[in-house]
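A.B. asks: Return atomic coordinates for the entry below.
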Amino acid sequence: MHRTSLTLPGRQSKPRSRGRTMMIDGGIPTAQFIDIIESHSGLVDVVKFGWGTALVTAQLQHKIDAVLANDVDFYFGGTLFEKYVSQDQFDEWRAFVDGFGARTVEISNGTIALSNERKADYIARVAGEYKIYSEVGYKESERSETMRPELWVRYINEDLAAGADTVITEARESGKSGIARANGELRFGLIEEILESGIDVNRLMFETPTKELQTYFIKRVGSDVNVGNIAHSDLVPLETLRLGLRSDTLLALDAAIDPDFGSADEPHTTELQGEDTNA
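C.D. replies: Next comes the predicted model:
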């Protein structure tokens, strides 16, 4: 980041334990992917090769070489784990992961009929061998909406107790499932239950593929919230949201830095020109 005299929210240097950004790759062309990583490596903590794209990406090793060369972690999408497990090929999944030298994995049950207890057992079986991202919530929006907040909290705690480093709250790439309703509206009550449960927020990652979701969590949790499913085109815009360099978060984050900003002692006035102010 360029030097500036502005007062901005502090950001941890990499490797970060908070304020992490997970970029999703759903099939970015190799040369473009390498350029993105080289250009924005300071803004990306981990790349997820989404769902099962790793099996059909011809130059996957080139992409992996690029992330490793630029101090960025990577893992394969949880749906790929579920595909292997649904065919009783857990050991083959581990062999695939190890074949690319991955030290980070995602274990989820968002699609297949796998109880959270069994998912936690898979986590426990590889805990200590990998850095584990687990995921709570379902891909199908109706199924997620009927999942009570207390179950979300219980499942998150189960995964952490089993050895997960970070638990991701599902929202899909569309932002219309899991912690969000089918129409994209955030489940505010659910989020409050999770945030007030006592779970360490630095061990949570919220999937926020839209600017609206990113803005909400930055305002609600702070600049150092962990967010995932970020498109490559949103990496710089997201960082400006984190730093209050975009109108959506400017006032909220400036007020957090200086509680007197915008106080009644310093009223702000706006003049409307060329409009009928009596309308």
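A.B. asks: helices and strands around the host helix or strand of Glu193, which ones?
C.D. replies: Per DSSP states H and E: Glu193 is located in helix 188-195. Contacts of helix 188-195 with other secondary structure elements, assessed using 3 or more CB pairs under 8 Å, 6 or more residues apart in numbering; DSSP states H and E, are made with helix 149-162. Any C-beta I mention is one placed from the backbone N, CA and C, and that applies to glycine too.
A.B. asks: residues in contact with the next helix or strand after the helix it packs on?
C.D. replies: Tracing the chain C-terminally past helix 149-162 and defining elements by DSSP H and E, one meets strand 166-169 next. Outside of strand 166-169, the residues that reach it under the criterion CB atoms under 8 Å, 6 or more residues apart in numbering are 20, 106, 108, 132-137, 152, 156, 159-160, 178-179, 194, 203-207, 226, 228.
A.B. asks: among the residues you listed, which ones are buried?
C.D. replies: 20, 106, 108, 132-137, 152, 156, 159-160, 178-179, 194, 203-207, 226, 228 (16 or more other CB atoms under 10 Å).
A.B. asks: from those, which ones fall inside strands?
C.D. replies: When DSSP state E is applied, the buried ones among the contacts of strand 166-169 are split such that Glu106, Ile132, Tyr133, Ser134, Glu135, Val136, Leu204, Met205, Phe206, Glu207, Gly228 fall in strands.
A.B. asks: Show me what the second one is bridged to.
C.D. replies: Residues in a beta bridge with Ile132, per DSSP bridges, are Val105.
A.B. asks: isn't it right up against Ser108?
C.D. replies: No - with the criterion set as CB atoms under 8 Å, Ile132 and Ser108 do not qualify as a contacting pair; they are 10.7 Å apart.
A.B. asks: which residues touch Asn226?
C.D. replies: When contacts are counted by CB under 8 Å, 6+ apart, Asn226 touches Arg18, Gly19, Arg20, Thr21, Met22, Thr166, Asn202, Leu204, Met205, Phe206.
A.B. asks: should've said Leu238
C.D. replies: With contacts taken as CB under 8 Å, 6+ apart, Leu238 has the following neighbours: Thr21, Leu43, Gln214, Val227, Ile230.
A.B. asks: Can you check the pLDDT for it?
C.D. replies: Taken from the predicted model, the pLDDT recorded for Leu238 is 98.
A.B. asks: Okay, buried residues for stretch 143-157 please.
C.D. replies: Of the residues in stretch 143-157, those buried under the neighbour-count criterion (16+ other CB under 10 Å) are Ser144, Met147, Pro149, Trp152, Val153, Tyr155, Ile156, Asn157.
A.B. asks: let me redo that: stretch 71-87
C.D. replies: Neighbour-count burial for stretch 71-87, counted by 16+ other CB under 10 Å, picks out 72-85.
A.B. asks: mind checking the SS state of Val47?
C.D. replies: Using DSSP: H, G, I helix; E, B strand; the rest coil, the three-state assignment for Val47 comes out as strand.
A.B. asks: Could you give the bridge partners of the spatially most central residue of the chain?
C.D. replies: The central residue of the chain, meaning the one whose C-alpha is nearest the mean C-alpha position (CA atoms, centre = their mean), is Gly228 at 1.6 Å. Beta-bridge pairing of Gly228, defined through DSSP bridges, involves Glu207.
A.B. asks: measure it to Glu129 for me?
C.D. replies: The gap separating Gly228 from Glu129 is 22 Å, by CB to CB, to the nearest Å.
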